[in-house]
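Asks: need a structure here:
(one chain, ligands or ions: 1)
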Amino acid sequence: MSHAAFSSDARPAASADAPVIAPAAPRLDLYAPIHKALRLALTDTLVLVGRLDVQDPGEMVSTLGRLEDLLDLCTRHLEHENTFLHPAIEARQPDGARRTADDHVEHLASIEALRAEGEALRAARPETRATLALRLYRHLALFVAENLQHMHVEETVNNALLWAHYSDAELVDLHKRLLDSLPPAEHLVVARWMVPAMAPAERAGMLQGARAGMPPEAFLGYLEHVRPHVDARGWAKLGRALGIAERPGQAAA
Ligand SMILES: [Fe+2]
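Replies: This next block holds a predicted model:
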């Protein structure tokens, strides 16, 4: 594998060179919701890999499957940013997205290296699995760390550029075009991570938007899809916000 993909990054802490963003009025933040989802998926998967029982065949399948799912999610996410957000920034601020675009090139190399490590662990003899699993865990931790810093830059520096050069109405249109490009299965994968990662008011807003955009039966299916991943307290608050009964199947008309 390429160790360069995981070299410890000596860049200054993102908070040290990012402008303080304090818009006079709250602006539409295209990064925050999906990044909350990614932070949950990254850290949850890291913990799973760390506690993997390499002698348990079922757990090997499920955990390495979760790693593959995470890497797929990260790949699609950066592709969406490359397709929609970076061109939007650079259309009005030449080279404005260069830093995070360069990060994406490194992330793709890291993703391929992590895929290879996962495959190597999957194929390894029992006596070598623990060593390979610890190596994978450490490299995944570095990938998580890099992504946490990268997302902070996007939420500060890139958002500052988007807010300076675009109205919220234009950002709504940009976001709609991004969402419309996703296949239905990807919407469900993102919801599985985004809904539990959000604060209750954000979660209620997202689900109200989802309810407005789909038939009632489809919305019930959507709720059932995300419910196992939301804590009981959060689910009760969501139920009150949406005006639905305790069980999704009893949702009010
Ligand atoms: Fe990114």
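
Asks: in three-state terms, label Glu155 for me.
Replies: Reduced to three states with DSSP: H, G, I helix; E, B strand; the rest coil, the structure at Glu155 is helix.

Asks: not counting residues beside it along the chain, what's closest to it?
Replies: Once flanking residues are discounted, Glu155 sits nearest to Tyr31: 4.8 Å by C-beta to C-beta, 6 or more residues apart in numbering. From N, CA and C alone the C-beta is placed, and that goes for glycine too.

Asks: low-confidence ranges, the stretch 51-200 of the chain, go.
Replies: Low-confidence segments of the stretch 51-200 of the chain (pLDDT under 70): none present.

Asks: could you pull out the helices in it for me?
Replies: Per DSSP state H, counting those that start in this stretch, the stretch 51-200 of the chain carries helices over the ranges 57-80, 86-92, 98-123, 126-153, 159-165, 168-180, 184-197, 200-212.

Asks: please, which helix or strand holds the residue nearest the centre of the chain?
Replies: Here the mean C-alpha position of the chain is nearest to the C-alpha of Leu38 (C-alpha atoms, centre = their mean), at a distance of 2.1 Å. Element membership of Leu38, judged by DSSP states H and E, is helix 32-50.

Asks: and if you look at Val226?
Replies: In this structure, Val226 is located in helix 216-226 according to DSSP H and E.

Asks: how far does the next helix or strand after that helix sit from its chain's centre?
Replies: Proceeding N to C from helix 216-226, the next assigned helix or strand is helix 232-242, under DSSP H and E. On the basis of C-alpha atoms, centre = their mean, to the nearest Å, helix 232-242 is displaced by 23 Å from the centre of the chain it belongs to.

Asks: for helix 232-242, which positions count as buried?
Replies: 234-235, 237-239, 242 (16 or more other C-beta atoms under 10 Å).

Asks: and stretch 117-136, by the same measure?
Replies: Along stretch 117-136, the positions that meet the burial threshold by neighbour count (16+ other C-beta under 10 Å) are 117-118, 121, 124, 129, 132-133, 136.

Asks: for Ala207, give me its contacts.
Replies: Heads up, residue 207 is Leu, not Ala. Taking C-beta atoms under 8 Å, 6 or more residues apart in numbering as the criterion, Leu207 is in contact with 195, 223, 238, 241-242.

Asks: and of those residues, the nearest to Asp180?
Replies: Taking C-beta to C-beta as the measure, Asp180 lies nearest Val195 of those, at 20.1 Å.

Asks: burial of that closest one, as a residue count?
Replies: Taking other C-beta atoms under 10 Å as the criterion, the count of residues near Val195 is 27.

Asks: that one against Gly205, yeah?
Replies: No - in this structure Val195 lies outside contact range of Gly205 using C-beta atoms under 8 Å: 11.2 Å.

Asks: quick revisit: for the residue nearest to Glu155, give me the pLDDT.
Replies: In this model, Tyr31 is scored at 98, pLDDT.

Asks: sounds good, over and out.
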